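J.: got a predicted structure plus its sequence, pasted below:
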Amino acid sequence: MKAFVLLASLITSGAALAQAADGLATPASLLRYVDTTDGVSRTEANDIAEAYFLQHVGCGNYSGISELPDSWVVEGQFGYAGEPILGFLINKQTGAITSPVGPSYARPGDMLGPNNSFKPKPLRGSD
């Protein structure tokens, strides 16, 4: 079991791993540790992309991200046929989401709705 958890932690972002252990992956729980004030890391981009898929892509598959100089490019498939998604972007500086398959957002927390009380939590183990 320890080997499985270690392997899963190597291929899964920290927040996503925590939700998998709890079985409670939601957009809000995935965004819990995303803090865009210092830019968007690969781990944070993964969490944003997974939250977006849960919120807006009912039939599809998130498969990862690739990197451009100013953005993270979200890769995945849409619909039953698995049509490739043509690059929805997450801005590395601001976390803004630009999507060809659904709504775009100025900030990741905006996808939780106008009345959300979204405030990122400090990363576990940090001050």
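T.: Thanks, I have it.
J.: measure residue 74 to residue 83 for me?
T.: In this view, residue 74 and residue 83 are 14 Å apart by Cβ to Cβ, to the nearest Å. Quick note: C-beta positions are derived from backbone N, CA and C, even for glycine.
J.: the more surrounded of those two?
T.: Taking neighbours as other Cβ atoms under 10 Å, residue 74 and residue 83 compare with residue 74 leading, 26 against 12.
J.: surely the more buried one touches residue 84?
T.: No. Counting by Cβ atoms under 8 Å, residue 74 stays clear of residue 84, with 11.1 Å between them.
J.: pLDDT on the longest helix along the chain, on average?
T.: Ordering each helix of the chain by length in residues (DSSP state H) puts helix 42-56 first. In this model, helix 42-56 carries a mean pLDDT of 92.
J.: same question, stretch 82-98
T.: Mean predicted lDDT for stretch 82-98 stands at 88.
J.: any chance you could list what contacts that stretch?
T.: Stretch 82-98 is contacted by residues 34, 36, 39-40, 44-45, 48-49, 52, 60-61, 65, 68, 70-78, 99-101, 104-108, 111 when judged by Cβ atoms under 8 Å, 6 or more residues apart in numbering.
J.: what's the first-to-last distance across that stretch?
T.: End-to-end span of stretch 82-98 (Cα to Cα, to the nearest Å): 20 Å.
J.: tell me the buried residues in it?
T.: Within stretch 82-98, the residues scored as buried using 16 or more other Cβ atoms under 10 Å are 85, 88, 89, 90, 91, 92, 95, 96, 97.
J.: dump the residue contacts of residue 75.
T.: Residues in contact with residue 75 (Cβ under 8 Å, 6+ apart) are 62, 63, 64, 65, 66, 84, 85, 87.
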